[in-house]
Structures are given as C-alpha cells and as structure tokens.
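Enquirer: sequence plus the predicted model coming up.
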Amino acid sequence: MDQSNAASDAVARYYDADAERAWARMDRHRTEFAVTLRALAEHLPPPPARVLDCGGGPGRYAVELARHGYAVTLFDLSVGNLRLARQKATEASVTLAGYEGGTATDLARFADASFDAVLLMGPLYHLLEAEERAEALAEAGRVLRAGGPLFAAFISRYAAHRDAAQRVPTWLVEDAARAETLLTSGRLAGGREGGEGGPQFVAYMAHPAEVAPSCWRAGFEVLAVLGVEGLVSVIEDGGVNVLTGAAWDAWADLNYRVAPDPSIHGCVEHLLVVARKPRWRPVLRQIARQLDAAGVRYRVVGGASPALHGVPLIVNDIDIEPDAAGAYAFQAHFPEHVLEPVALREGDAYRSYFGRFDFDGVTVEVMGDLHRREGARWAPTSAVTETMVDLDGVPVRVSTLEEETLAYIRRGKLARAAQCLSYCDHGRLVALLRGEQTTMVL
C-alpha cells in the first residue's frame, strides 16, 4: 500500500469510528459554522443550483443547503459519514440529490461542468502531498461550471499548537518531534484521538500565505480568504457559544466582517478560500481557436494578458489588439456577439477601430490599429513584443508581461504595475525602461 492510500484509509477509519462527533463539531464551533454559512449565502448562486459537497463528512452543510432548496450531492471518503448523512437528511425532512463515496482526487464519475458550485471543505487538509491537493483542486475545477464558486477549506498551520496551548500545554515538550515537524512542514500523521489504539488523525495544516496561491495556480480567481473563527478562535467556549438571539447574531456578523482580515489568519483554526472558476478563460479559448484557424493576427492585452502570464488578477473583460482589418475580421467571425459594431472611434486620448462584443456575459473589446494622441498628432501605441501562452491546451498570443507592465507605469496605473513586477523578467523590463528595446506603448 502506498503512502497516499495509507493516509486515505486512516482518514476513512477516523471518521467511520465516530461520524456523530464530526456532525456535532459544528455545535462546538458555532462561529465557524455561522461564518461559513454567511459566506455560502453571499456567494452561492440561487437555489435550486446544483452543489457538490466534496468531502462533506456527515452532511452538516449539505443538509443545511438542502433546506434552502439546493440540489446537493454529498461525496465523501467515509461510509460512516454517508450513512449518518442519510439519517440526518431524513430527520430534517430534506432530500439530497445523491450520496457518493470516493476520494476528492478522482471525481471521474461526474461530468465536466456538471455543478454550479463546489464545496471542498474537508479534503484539502487530509491530503498530505501538494500534488494531491493540486489534483483535488483541479478535479473540483473540472466539474464546476464556468463562473461558479468554489469554497475550499484549510486547517491553519498553527491550529494544533493553539489547541494544545489550551488543552494539553505539555504536548510541546512531551511530543516535541511531532510538534516541530508540524510547525515546519504542516504535516500531522501518527497522532491518536482518544489515546493509543484510537483512530489516527492525518492532516496537512497550511500556512496562511499558501492557501490563496494554491487556488490561483489551480486556475481559480480568489475572491476572499476568510478566517472563519474570526476573533473568537479557541476562546468561544463559555463565551459567545452560550449566546442566543440578537447577541449571537451580532457576534456572528462581527466575525464574518473581520474574517477577511489577514492579520488574524495565523490565529484561527480554519481558513476558507472563496474562489471562482473564471468565465473568461473558455471564452478566450474559443476566440483564439477561431482566429488562429482563420489566420487573423491578434494580441491579448489588458488585464487578461498578465493573468495569462500567471499574475493573480481578477479579469473583468478581454482586450484584443489586431490591426484594422483584423478588427473587422473579428466581427465577421462573431457577428452574433456584437454589442457595438467595429468602427473608427476617437476619444480625447485614444483612437482605434473599436468594437465591443458579449460572450455569455464576458465583454470582449477589440481595438484595431490603436493610437494615442500626442499633442496634435496620433502615435501608434500597440505592443511590439509578443509571446505564446498555453491556455488549457490552446496557444494564445499575448504581449510580453514586461511590456504590459511598462504600459501600466506610463499610464499611471502603478498599483497594477506593482502586482506584475515580481513576475517580470527584470532584465527585459530594465531594457525596455532604458530604451534598449523598442516599444510603442505609451
């Protein structure tokens, strides 16, 4: 048995041994439950959207979402969890869309884009290897429709040490090797719940600085990272947990309000990434395929360009620079998407053969033969450099990141330039700044 299978078996045995404990955990940690529900309410599409609760345990969130009319499929590694979830759904008089067993790294039974939202609020902290966590995120992205939200939970790196400080402060010296391994690597394997012979708890505890980047690398756009215990991590017992009514709601609201504050993320037990599968990526794939097949030259610029280079940016629209003939060719290939037909348009600062298009809610702006006003004349301002970037198997022509960054600097968009700088080839950027490499961006 390989290490991965051994860890999966240990996780399944842990939850099979006491699924009721997993269900009741949200009663012991009411703030985590309340803050997470607020995040779901804010970001989920309206019911009856299709939701995959992947690694959803005994179905605490699945049952709650089913109460609100969502079509929830519960998927979990533990037979005991799935059995208890059926019982809890019956007691709540709700119906789940399905109960499926398996591992989050293999969702092959589900078709591409078959869910409107995915909850991944358990598997990532039971997968010890980075490659496994990447596989789980990739599978979640595959079954999620474009534009749909992902909710991915992580145990924070210092959660076990904080728990030990409260419950078993001698652990730091009595099990010093394991405490040090956990602190430096995030891996917890071999610990026992309930003493020797109890079920093994296997976990990976993520540093706060790594959770958002792992989701960006998987192709998601990160909307928020939430410390779901808020200000009451480890101190809720005997305090806010006994509250009801307006007092409880006030504390839950406050903790949701502060949950995005990165200053608390090292001092909570769980981090929740709220992310989205971008809608622009499949749109750009479609456009690139058709333009390349037709021999239309183009270049992706604007926000999509640095995003294609790996800069973690949320892309609101797609900007494409062809020449004038290419702008009209674009319109000819996508006539059903026209919002504003291509025409020569002049503003105070720019002139181009401009057209605006809509692809299922994604705006695409085409700027053929782009010029910028310089005094009494128009100067060409298109990018000179370009490279090819792979977009989910389709090559896309983009300006180089260094030239895009220089354009941001020259146009006074310094915050965006700062986001790009660390991803640039500094030698190429310096050559552009010194004029050693030709550029027409202004």
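Expert: Ah, there it is. Numbers count the residues shown, from 1 in each chain.

Enquirer: okay, and the helix or strand of the chain with the least pLDDT?
Expert: strand 187-192 (a mean of 70; mean pLDDT, DSSP states H and E).

Enquirer: how much space between the spatially most central residue of the chain and Phe354?
Expert: Nearest to the geometric centre of the chain sits Ala275, at 3.3 Å (C-alpha atoms, centre = their mean). In this view, Ala275 and Phe354 are 32 Å apart by C-beta to C-beta, to the nearest Å. Where you see a C-beta, it was placed from the backbone N, CA and C, and this is true even at glycine.

Enquirer: if I read this right, Cys141 contacts Glu221, doesn't it?
Expert: No Cys there; residue 141 is Gly. No: here Gly141 lies out of contact with Glu221, judged by C-beta atoms under 8 Å, at a distance of 11.1 Å.

Enquirer: who touches both of those two?
Expert: Lys277 (C-beta atoms under 8 Å, 6 or more residues apart in numbering).

Enquirer: so which of the two has more stuff around it?
Expert: The neighbour count for Gly141 versus Glu221, taken as other C-beta atoms under 10 Å, is higher for Gly141 (22 against 19).

Enquirer: can you list the low-confidence ranges for the stretch 301-442 of the chain?
Expert: For the stretch 301-442 of the chain, the stretches with pLDDT under 70 are 382-384, 438-442.

Enquirer: now the one helix or strand Tyr14 maps to: mean pLDDT?
Expert: In the assignment (DSSP states H and E), Tyr14 maps to helix 3-17. Helix 3-17 shows a mean pLDDT of 82.

Enquirer: by contact count, what packs against that helix?
Expert: Applying 3 or more C-beta pairs under 8 Å, 6 or more residues apart in numbering; DSSP states H and E, one finds that helix 3-17 makes contact with helix 79-91, strand 200-206.

Enquirer: other residues contacting the helix or strand hosting Leu137?
Expert: Following DSSP H and E, one finds Leu137 within helix 130-143. For helix 130-143, contacts defined as C-beta under 8 Å, 6+ apart pick out 4, 52, 54, 104-107, 110-115, 118, 120, 123-124, 127, 150, 152, 204, 214-215, 217-220, 277.

Enquirer: any idea which helix or strand comes after it?
Expert: The helix or strand immediately downstream of helix 130-143 is strand 149-156, counting by DSSP H and E.

Enquirer: tilt between that next one and strand 200-206?
Expert: Interaxial angle, strand 149-156 versus strand 200-206 (axes from the mean of the first three to the mean of the last three C-alpha atoms, to 10 degrees): 110 degrees.

Enquirer: got the buried residues for strand 149-156?
Expert: Judged by neighbour count (16 or more other C-beta atoms under 10 Å), strand 149-156 contains these buried residues: Pro149, Leu150, Phe151, Ala152, Ala153, Phe154, Ile155, Ser156.

Enquirer: need the three-state assignment for the nearest residue to the second one once chain neighbours are set aside.
Expert: By the measure of C-beta to C-beta, 6 or more residues apart in numbering, the closest residue to Leu150 outside its immediate chain neighbours is Ala275, 4.5 Å from it. Secondary structure state of Ala275, per DSSP: H, G, I helix; E, B strand; the rest coil, is strand.

Enquirer: could you tell me the least trusted of the helices and strands packed on helix 3-17?
Expert: strand 200-206 (a mean of 90).

Enquirer: got the angle for it vs helix 3-17?
Expert: 120 degrees.

Enquirer: strand 200-206 vs helix 130-143, what angle?
Expert: Relative orientation of strand 200-206 and helix 130-143, computed by the same axes, to 10 degrees: 80 degrees.

Enquirer: list of residues touching strand 200-206?
Expert: Counting by C-beta under 8 Å, 6+ apart, residues outside strand 200-206 touching it are 7, 10-11, 13-14, 124-128, 133, 154-160, 182, 186-193, 214, 271.

Enquirer: give me the buried entries from those residues.
Expert: Buried subset of these (neighbour count, 16+ other C-beta under 10 Å): 7, 10-11, 14, 124-128, 133, 154-160, 182, 186-189, 214, 271.

Enquirer: quick check: the closest residue to Pro45 other than its chain neighbours vs Leu429, distance?
Expert: Leaving aside its chain neighbours, Pro45 sits nearest to Asp116 (5.2 Å; criterion: C-beta to C-beta, 6+ apart). To Leu429, Asp116 is 41 Å away according to C-beta to C-beta.

Enquirer: if I look at Pro380, how far off is Ala212?
Expert: Pro380 is 38 Å from Ala212, where distance means C-beta to C-beta.

Enquirer: neighbour count winner among the two?
Expert: With neighbours defined as other C-beta under 10 Å, Pro380 and Ala212 compare such that Ala212 has more, 20 against 12.

Enquirer: just give the strands next to the longest strand along the chain in its sheet, each with its orientation.
Expert: For the chain, the strand that runs over the most residues, judged by DSSP state E, is strand 362-374. With DSSP bridges as the test, strand 362-374 is paired with strand 317-321 (parallel), strand 350-359 (antiparallel), strand 377-380 (antiparallel).

Enquirer: so for Gln87, which of those sits nearest?
Expert: Closest to Gln87 of the strands paired with strand 362-374 is strand 350-359 (C-beta to C-beta; 45.5 Å).
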